[in-house]
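> with the input below, show me the fold.
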Amino acid sequence: MQMKFILGIAITAGSLFLQPMPLPAQDSGAQLSKQALEACKQGRLAIDRATRLAHFQQGQTLGERAVAADEGNADAHFALFCNLGELLRIDGESLTSIFGLRRMMNELDRALEINPAHIDALSAKGTLLVKLPSFLGGNSEKGEQLLQRVVRHAPKAVNARLALARVWCQRGRHDEAMALASDALALAQKHQRVEFIPEAQALLQQVRANAVKVKHARS
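Numbers count the residues shown, from 1 in each chain. Predicted coordinates for the structure are as follows:
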């Protein structure tokens, strides 16, 4: 069976196939977490499947090592979540592994258990809640509230703005969605969050097109 889900992540550019690199045994949990998150980011930016897969597999290994080195590090669990999630959706926005989803969600929930104010984890949690079906733990209302909380308290949270703009667009709140998507694009460009720029541009174009359709339908 296949069930749709999303982490609110865009793909941009990259090309070379990477082999997993040996890592020093003395690396700390914090260092490994940063390396795992970087692997996840590079995988998102890659174009071809082989490169993406190599990055995410390496990121999973790094994330698992980070958790083993420092189980109480929220960033370690979030980094592992990031790579597990991308491995699940590497062939598109469909899910075929319930076990994989549960493991991914466990890492995300553990990150929030350790640090309830972890902005990236809160943003990811809100995005999943609005997209997952209820029998897999989805809760659209709770997810929207969580995303709104992130947007209010995190002025640089691009992903949360994109996810919330998508929700509002689906609910016909086109003007608000357009403002939020525009804000997300400006933030992504200002802070060089290149992995989000194509997604923000595409969403803004979609919201504008929907708004025009509604306007013409009413006229």
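
> residue contacts, the residue nearest to Gln42 when sequence neighbours are not counted?
Counting by Cβ to Cβ, 6 or more residues apart in numbering, Gln42 lies nearest to His55, which is 4.9 Å off, once chain neighbours are set aside. Backbone N, C-alpha and C define where each C-beta goes, glycine included. The neighbours of His55, taking Cβ atoms under 8 Å, 6 or more residues apart in numbering as the test, are Leu18, Ala39, Cys40, Gln42, Gly43, Ala46.

> roughly how far is the helix or strand containing His55 from the heart of the chain?
Assigned by DSSP states H and E, His55 belongs to helix 49-69. Per Cα atoms, centre = their mean, to the nearest Å, the displacement of helix 49-69 from the mean C-alpha position of its chain is 16 Å.

> now it: buried residues?
51-67, 69 (16 or more other Cβ atoms under 10 Å).

> quick one on the thing from earlier: most widely separated two among the contacts of His55?
Distance extremes for the contacts of His55: the farthest pair is Leu18 and Cys40 at 13.0 Å, using Cβ to Cβ.

> so those two - more neighbours on which side?
Cys40 (29 against 17; other Cβ atoms under 10 Å).

> hang on, isn't that one packed against Phe81?
No. Counting by Cβ atoms under 8 Å, Cys40 stays clear of Phe81, with 9.1 Å between them.

> show the contacting residues for the closest residue to Val214 other than its chain neighbours.
Leaving aside its chain neighbours, Val214 sits nearest to His174 (6.2 Å; criterion: Cβ to Cβ, 6+ apart). Contact analysis of His174 by Cβ under 8 Å, 6+ apart lists Trp168, Val207, Asn210, Ala211, Val214.

> residues touching the fourth one, list them.
Taking Cβ under 8 Å, 6+ apart as the criterion, Ala211 is in contact with His174, Asp175, Met178.

> from Ala181, how far out is it?
The gap separating Ala211 from Ala181 is 11 Å, by Cβ to Cβ, to the nearest Å.

> also the last one?
For Val214, the distance to Ala181 (Cβ to Cβ) stands at 16 Å.
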